[in-house]
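Student: Make a model of this:
(one chain, ligands or ions: 1)
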Amino acid sequence: MAQVIAAPGPKKYTRTTLKGMTLPELQDWAASIGEPPYRGAQLFDWLYRKGETDPRAMDNLPKTLREQLAETCDLSTAHIAHMTSSGQEPTRKYLVQLRDGKQVEAVSMLEQGRHTVCLSSQVGCNVDCHFCATAAMGLVRNLTAGEIVDQYLLVQEDRPEPITNVVFMGMGEPLLNYDRVMAAADILHSPQGMNLGGQRITISTAGVVPKIVRFTAENRPYRFAISLNATTDEVRSAIMPINRTWPLAELLAAARAYVARPQRTVTFEYVLLAGINDAPQDGRQLAELLRGLRCKVNLIPYNEPDPLPGQTSPYRRPTRLAIEAFIAALSGADFPVLTRWSNGTDIAAGCGQLAVSQV
Ligand code: SAH
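Tutor: From the prediction side, this is the model:
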């Protein structure tokens, strides 16, 4: 057997990342260093309810433990590298830098008394929706629960208005990073954490059917959204390749099973792309497709990306007239329809405009 020789050099020790740990995990960690479990609850309170990142400020912990935390643990996973304010609305876009140098974006929006934060779930994305700017990055990696929660905390630190809503509609496909996204949502929802109501947290998917089935079976308390974007398999597969794996019939069957549970509603997002899915016939078909399904539909007029040198997007936002004709074609629908004019399009913070060049 080959002899293993330790590499020379300074002895490395790994720091423990506490951010992202759930309450039982923090209690177990406290026990592992010989502390009583209630220290786990105190840490949970400091990390999430108070958003404290300096152990020296944790004045209900013994001094020795505070020193141990400072020397061996990381209490934060990210910082804001850059912030851009919209000139149109009170929308801010944050470039959030992670400890390995990778970056994601988060968006903060103030409207109608709400402060909504849009969080990323992955660095990049591999679902490859053709109209979405994040797709061009490919998937770099999943975010940890701590990195997701830190986006929230960094935004809250920057803006005084208390965050009232969280949408997992930033970069990435939340259901392809299921466990970490749910761990983060659970921390945001926890009464000992950020204490956000379950109905104020929305998980959005491009249509990962097995994970929708799991989400339904687990009876998660969160709101749920599906990016539908077309009414036929032909069109949906052409713009969203994920539809070839899980076509409309399977996707809608999973949505129907989800809303079969009491109190459940699904939101369908429908990006309006000129000449592709915006004809009145598409509107009528949408009304039929979703008939009897407890849902609402958010129409999102396509946000054009910042043009890349030598490249133009093949997609266009429909004219206002075309959008109105589409809405009129939905008049027979048995679900509410809302048109979402994205916030912050002047700073590329709108739906589908999130991408970072330095990954
Ligand atoms: N991957 C998840 C979470 C991202 S949500 C999902 O697909 O649901 C981002 C939303 O923005 C999706 O509804 C998507 O369909 C929409 N979108 C993507 N690109 C867009 C663009 N250029 N203009 C408007 N909406 C866009």
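
Student: and the residue of this protein nearest the ligand?
Tutor: Of the residues in the chain, the one nearest the ligand is residue 352, at a distance of 1.7 Å by C-beta to the nearest ligand atom. Any C-beta I mention is one placed from the backbone N, CA and C, and that applies to glycine too.

Student: how many neighbours does that residue have?
Tutor: Other residues within reach of residue 352 by the criterion other C-beta atoms under 10 Å amount to 22.

Student: so who does residue 251 touch?
Tutor: Taking C-beta atoms under 8 Å, 6 or more residues apart in numbering as the criterion, residue 251 is in contact with 207, 209, 212, 226, 228, 243.

Student: contacts for stretch 182-196?
Tutor: Surrounding stretch 182-196, the residues in contact under the criterion C-beta under 8 Å, 6+ apart are 20, 22-23, 41, 44-45, 48-49, 119, 145, 148-149, 152, 163-166, 168, 197-198, 201, 203, 218, 220-222.

Student: Return the subset of these lying in strands.
Tutor: Taking DSSP state E, the ones among those that sit in strands are 165, 166, 168, 201, 203.

Student: The fourth one - how many residues pack around it?
Tutor: By that I understand residue 201. With other C-beta under 10 Å as criterion, residue 201 counts 22.

Student: so residue 351, which of the three states?
Tutor: In the three-state summary, residue 351 is assigned as coil, counting by DSSP: H, G, I helix; E, B strand; the rest coil.

Student: isn't the residue of the chain closest to the ligand right up against residue 133?
Tutor: Yes: counting by C-beta atoms under 8 Å, residue 352 sits close enough to residue 133 to count as a contact (5.9 Å).

Student: shared neighbours of the two, anything?
Tutor: By C-beta under 8 Å, 6+ apart, the residues touching both residue 352 and residue 133 are residue 305.

Student: on that earlier part again, as JSON lines, the contacts of residue 251 with secondary structure and distance to residue 262 would be great.
Tutor: As requested, these are arranged in JSON lines below (DSSP: H, G, I helix; E, B strand; the rest coil; distance: C-beta to C-beta, whole Å):
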{"residue": "207", "secondary structure": "coil", "distance to residue 262": "24"}
{"residue": "209", "secondary structure": "helix", "distance to residue 262": "22"}
{"residue": "212", "secondary structure": "helix", "distance to residue 262": "18"}
{"residue": "226", "secondary structure": "strand", "distance to residue 262": "19"}
{"residue": "228", "secondary structure": "coil", "distance to residue 262": "23"}
{"residue": "243", "secondary structure": "helix", "distance to residue 262": "29"}
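
Student: Name the nearest of these relative to residue 320.
Tutor: residue 228 (21.9 Å; C-beta to C-beta).

Student: So this structure: which segments form each domain?
Tutor: Residue ranges for each domain of the chain read 3-74, 78-347, as given by automatic domain parsing.

Student: Which among those is found nearest to residue 357?
Tutor: Closest approach to residue 357 among the domains of the chain (C-beta to C-beta): domain 78-347, 8.7 Å.

Student: Run the chain-centre distance for the closest one.
Tutor: What separates the centre of domain 78-347 from the centre of its chain is 7 Å, taken as C-alpha atoms, centre = their mean, to the nearest Å.

Student: What segments of the stretch 201-350 of the chain are helices?
Tutor: Along the stretch 201-350 of the chain, the segments classed as helices by DSSP state H, counting those that start in this stretch run 209-217, 233-239, 242-245, 248-259, 280-289, 320-329.

Student: Look at residue 94 and tell me its secondary structure.
Tutor: Applying three-state DSSP: residue 94 is strand.
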